[in-house]
Each structure stands twice: as structure tokens, then as C-alpha cells.
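J.: Give me a model of this one.
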Amino acid sequence: MRAIFLILILAALAFATFAQVARVPIATPPAPVFADRERQTELAKRRAQVAARMADNSVLVLFSAEPKLYTGDVDYVFRQENNLFYLTELKEQNISLVIEKKNGKVTETVYLPKRDPRFETWNGKRYSVDDAKRISGINNIVDAADFAGYLNSLAKGSNESVYLLLPDGDRDAEGKREYRQEAAFAATATAKTVNARPIFDDLRQIKSPYELKLLQHAIDISIEGHMRAWATAGRASWEYEVQAELEYVFKRRNADYWGYPSIVGCGPNATTLHYEESQSPVKAGELMLIDAAAEYSHYSADITRTFPIDGKYSKEQADIYQIVYDAQEAAAKTVKPGSTFADASAAADKVIREGLFKLGLVTDPNSQEFRIWYMHGLGHWIGMNVHDVGSYTKPLAPGMVFTIEPGIYIRADALDYLPDTPKAKEFKAKVMPAFERYKNIGVRIEDDVLVTPTGIDWLSKRLPRTMKEIEDFMKVAPKNVPFGSLRPALFPYSSRSGE
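T.: Okay, the predicted model is just below:
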């Protein structure tokens with residue numbers, strides 16, 4: 001009788017543990033679905049906001065992204081230029097958008113390649129004129145063959161200012177690579193050219209409810225990917241196997257792609273910020289850091305978690321994790337309309353300085369010594385780029401979305417590169433005992449947050465974040481998620497159409 005009673009108690013405890021973990025939804029919620037009218041209204045509003053910022057008697061010209069060569073006659077997957085997509089949601093190559101503002105009147109024109117059966121035999125269906133109208137809401141659709149002539153006449157004009165997406169100064173390497181067509185036009189044009197990027201940078205910094213639905217879905221897909229990776233990591237032999245489980249979810253949930261190359265680092269590899277090789281063994285007793293996220297309909301999430309392979313943080317791992325967690329919490333508490341990115345950064349820095357001092361990894365909590373172990377910024381804007389456009393000096397406002405991602409990385413060779421000075425030698429001698437205890441531990445926690453009228457919304461809140469939440473999840477999830485199988489188990493199918 002006692003044995004039966006004991007079994008019932010254990011079963012009840014197991015069920016309670018599972019129920020606690022099961023309250024965290026695992027499957028990705030259905031994708032957002034927009035009616036044509038809803039999408040057209042959203043895009044028309046964005047174009048109107050751009051036109052309102054243009055000077056009178058001016059023209060905005062947006063070029064399609066150029067194909068990027070992978071090798072030989074193989075291109076990378078085409079991805080439309082963000083700002084053109086932002087105003088049209090047209091994904092095809094060789095499309096251009098022109099917005100003219102003359103005497104207060106605004107006209108909008110899309111230059112669209114004609115359909116060609118020979119091209120479509122090899123490459124698939126192109127947009128028809130009706131397709132372009134339905135997607136973008138722009139009714140004036142012109143043959144792209146006429147675009148070169150229009151550009152030529154525009155370049156020779158003198159009465160209109162021409163807005164283009166241009167590289168921003170000599171140090172803008174990204175702009176020089178991405179906006180070559182625009183730079184070439186500006187270099188030869190006699191017309192006055194104006195950089196349109198500040199207009200888009202300002203508008204895109206505030207996300208509309210429409211955008212937030214897309215971004216949230218990218219986040220939700222990413223959360224499911226992380227959960228599957230955690231659940232299967234203990235049965236993996238190599239980091240790339242864990243990465244495969246993660247990115248399987250991205251593809252199954254119809255993400256466009258990853259938002260950036262996935263970082264899946266075990267043990268010492270967790271101390272490398274942009275570790276992308278995924279070629280090392282997965283070992284019990286070590287931490288795994290996964291910084292990975294999906295892109296959905298041009299919007300990218302960005303999430304990082306650091307979890308124990310065998311489901312339990314060691315004392316030393318927990319020491320570091322708790323500091324990073326507390327730093328993230330401190331930063332989040334500053335977020336509200338009117339506060340600044342600098343406020344959040346300062347709050348996180350303070351926690352990390354003091355935490356590292358208590359562990360003996362720095363000798364002065366008021367110095368910059370902590371930067372040996374925490375060398376990056378607190379976070380960045382996210383949206384149509386994983387490092388999205390926007391000013392970091394502006395006060396925070398509702399609709400802004402950014403990451404909060406403090407980290408501590410006790411790299412095995414960190415002390416080897418200190419300068420050969422008496423002060424550096426003294427520092428090294430003092431922190432060496434703590435360094436030996438915490439060596440090769442790397443922890444980053446990264447969440448996507450939205451500034452609301454009253455404070456903050458954690459968009460990635462469904463993904464366990466405290467050590468207890470993660471350990472509880474790791475007790476149950478591995479038993480319910482198949483490893484190396486296409487069978488989704490806890491992850492029921494959810495298509496882009498919401499079926």
C-alpha cells in the first residue's frame with residue numbers, strides 16, 4: 001500500500017512539473033494574415049509619410065536590390081531592398097518606385113518588368129500588372145523598359161531635387177555595397193541629389209501595429225526553434241546537429257530565412273561573440289549559447305539564450321548567469337517613453353561591474369576593467385534589419401523595438417593579451433584565482449522588447465529565461481521531442497496562412 005501511495009505522490013509531482021513547464025506554449029502561433037485592403041492601406045500610409053517629408057518639386061527614386069553572386073552562375077537567394085519593400089511589398093528584381101511631389105501634388109509610379117514566357121520557364125512567374133497593383137496598392141504601373149530613359153532625363157534636370165538612398169559618408173561601407181546604383185546616378189547627375197535614408201531611418205524606427213504582427217511572428221518562430229534545440233541538445237554529438245534542429249523549425253514554419261547566421265557554441269565557443277562554425281563537440285556539463293532567429297516577411301527577430309547541456313547549471317555557471325540576468329532586468333526597468341538607450345546601458349553596466357567585482361574578476365568596480373569580460377553594447381534596434389536603422393540618441397518612444405543583450409565571456413586567452421605593464425600584471429595576479437574558476441564560461445541573454453505608452457513589453461517572453469524556468473523545461477522537453485526526426489512531436493504544424 002505504501003509503495004502504491006509513493007508512486008501516486010511521485011506521479012503527481014511529475015505531472016505538476018510538466019504542467020508548470022507546459023504553461024509555456026511551445027508551438028508557433030498562426031501566422032498573421034492581412035486582407036489586400038489592410039495591406040494597401042498600410043503601404044499607402046507609409047508612402048504618404050515619406051512624401052510629407054520630401055521637399056516640394058522633388059522626386060524619390062527607389063531601385064530594386066541587385067542580385068548577389070554566390071559563385072559562377074549561381075546567385076544568393078534574392079532579397080528585396082528594405083525601403084522599396086517597406087513602401088510596396090514587391091519582392092521581384094528590376095522593380096523601381098518613383099514618387100513625385102510637384103506643387104503639392106503627389107504621384108506614385110512602379111516600373112515593372114513585362115512578363116516573358118521564356119524567362120518564366122526557367123525562373124517562375126513574374127508579377128502581372130494586376131498583381132503589382134493588388135500587392136502595392138499603386139495603380140500607375142509602367143514598363144520597366146522605360147525606366148532607363150526616365151532616369152536619363154531626370155539626371156539632366158535642374159528644377160527638381162532627387163531623393164536617393166545614398167552611402168552616408170566615407171565610413172558607410174554597407175551603403176557603398178548596397179546602394180551602388182544610386183551612387184552611380186548621383187555621381188553623373190546634374191540634378192540636385194538628396195539622401196533619402198534619414199527619412200526612412202526616422203519612419204522605420206517606430207513600428208506600426210501591422211509591422212509588430214510580422215515581427216512577433218518572426219519572434220515566435222525563433223522561440224520554437226530555440227525550444228527544439230534545447231530539447232535535443234543533450235542527445236547531439238556536434239554543434240551542427242543542434243543548429244540543424246533549430247533551423248529545421250525556421251523552414252517548417254515558412255520563415256523567409258534566418259535573420260543572421262546562427263550562433264551555436266558549446267563550452268569555450270560560447271565566449272566567441274560571433275562564433276558561426278558549429279563544428280565542435282557537444283559535451284555534458286558545459287553551457288551552450290544559441291544566438292539565432294528567423295526572418296519572416298522581411299522582419300527579423302534576435303534572441304539569445306545560454307543553457308546547460310545536461311539540464312543543470314553548475315555553481316560557477318550560475319554565478320555568471322545570474323549577473324547577466326540581473327543586468328538585463330536592471331536595463332529593462334529603465335525602459336519607458338522619454339528614457340534613453342544610454343539609461344538602459346548604464347543600468348546594465350552597473351550590475352555587471354559590481355557582480356564581476358564580487359566574483360573577483362575585476363579589482364575596481366568603478367573602472368573599465370569589466371570591458372575585458374563584457375565588450376559589446378547592450379543592444380540594438382530590430383526590424384527589417386537585425387541591426388535596424390534608427391537613432392540611439394533619441395528618447396525612447398512607443399513603437400520602438402530593440403534588443404537587451406548583456407553578456408559575460410570569460411575567454412581562456414583574455415589575460416594573455418593584456419599590455420606588459422606593472423598595472424596589468426598586478427590586475428592579472430589578483431584576478432587569476434577567480435579566472436581559473438570561471439574560465440571558458442560564456443553567457444549572453446537577449447530578448448526583443450517593445451516600448452509601450454506605459455513602459456515595456458517583452459516580445460520574446462514565451463521563451464524561458466530564469467535559470468529555474470530553463471532547468472524545469474530541460475527536465476521535461478527532451479522526453480517529448482524527437483531528435484534527428486522530421487516528426488514534429490510537440491511542435492504541431494502552423495503555416496504562413498495560419499492553417
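
J.: and the nearest residue to Ile410 once chain neighbours are set aside, how many neighbours?
T.: In space, and not counting its chain neighbours, Ile410 is closest to Tyr438: 4.6 Å by Cβ to Cβ, 6 or more residues apart in numbering. All C-beta atoms are positioned from the backbone trio N, CA, C, and that covers glycine. Using other Cβ atoms under 10 Å, Tyr438 has 19 other residues around it.

J.: same check, this time on Ala187
T.: 8.

J.: Help me confirm that it is found in a strand?
T.: No - going by DSSP: H, G, I helix; E, B strand; the rest coil, the assignment for Ala187 is helix, not a strand.

J.: what about it, distance to Thr193?
T.: 9 Å (Cβ to Cβ, to the nearest Å).

J.: before we move on, what about Asn139?
T.: From Asn139 to Thr193 the distance is 28 Å (Cβ to Cβ).

J.: what about those two, which has more around it?
T.: Higher neighbour count among Asn139 and Thr193: Thr193, with 19 against 11, using other Cβ under 10 Å.

J.: any idea which element the more buried one lies in?
T.: strand 192-195 (DSSP states H and E).

J.: got the contact list for the helix or strand following that strand?
T.: As assigned by DSSP H and E, the chain's next helix or strand after strand 192-195 is helix 197-204. Helix 197-204 is contacted by residues 46, 49-50, 53-54, 82-83, 86, 163, 165-166, 168, 175, 383-384, 388-391 when judged by Cβ atoms under 8 Å, 6 or more residues apart in numbering.

J.: Show me which positions of the next helix-or-strand element following helix 197-204 end up buried.
T.: Using DSSP H and E, the helix or strand that follows helix 197-204 in sequence is helix 209-233. Buried residues in helix 209-233, counted by 16 or more other Cβ atoms under 10 Å: 210-233.

J.: got it, and stretch 372-381?
T.: Applying 16+ other Cβ under 10 Å to stretch 372-381 flags 372-374, 378-381 as buried.

J.: ok, so of the residues you listed, who is nearest Ala148?
T.: Relative to Ala148, the closest of the buried residues of stretch 372-381 is Trp381; by Cβ to Cβ it sits at 35.5 Å.

J.: Quick check on the closest one: phi, psi?
T.: When quoted as degrees, to the nearest 10, the phi and psi of Trp381 stand at phi -70, psi 150.

J.: tell me the contacts of it?
T.: With contact set as Cβ under 8 Å, 6+ apart, Trp381 has these partners: 205, 387-390, 392, 400-402.

J.: try 6 Å
T.: 388, 390, 402 (Cβ atoms under 6 Å, 6 or more residues apart in numbering).

J.: among those residues, which are in strands?
T.: When DSSP state E is applied, these are split such that Phe402 fall in strands.

J.: where are the low-confidence patches of the protein?
T.: Along the chain, the parts satisfying pLDDT under 70 run over 1-26, 169-176, 485-499.

J.: How is it divided into domains?
T.: By the assignment in automatic domain parsing, the chain contains the domains 54-203, 209-479.

J.: Which stretch among those is buried most, on average?
T.: Sort the domains of the chain by mean neighbour count, taking mean count of other Cβ atoms under 10 Å, and domain 209-479 sits at the top with a mean of 19.

J.: May I have the secondary structure class of Leu361?
T.: Criterion first, three-state DSSP; result for Leu361: coil.

J.: measure it to Ala429 for me?
T.: Taken as Cβ to Cβ, the span from Leu361 to Ala429 is 13 Å.

J.: Mind checking the domains of the chain for the one nearest to Arg37?
T.: domain 54-203 (8.7 Å).

J.: The closest one: end-to-end distance?
T.: 13 Å (Cα to Cα, to the nearest Å).

J.: mind checking the end-to-end distance for stretch 258-265?
T.: 17 Å.

J.: what about Arg440, which helix or strand?
T.: One correction, residue 440 is Asn, not Arg. Applying DSSP H and E, one finds Asn440 in no helix or strand.

J.: Quick one: residues contacting it.
T.: So Asn440 contacts 268, 412 (Cβ under 6 Å, 6+ apart).

J.: do the same with Ile223
T.: Ile223 neighbours (Cβ under 6 Å, 6+ apart): 462-463.

J.: Any figure for the gap between it and Lys461?
T.: 9 Å.

J.: With His376 instead?
T.: From His376 to Lys461 the distance is 23 Å (Cβ to Cβ).

J.: Lys125 too?
T.: Lys125 is 40 Å from Lys461, by Cβ to Cβ.

J.: swap in Val386?
T.: From Val386 to Lys461 the distance is 19 Å (Cβ to Cβ).

J.: Check whether Tyr111 sits in a helix, strand or coil.
T.: strand.
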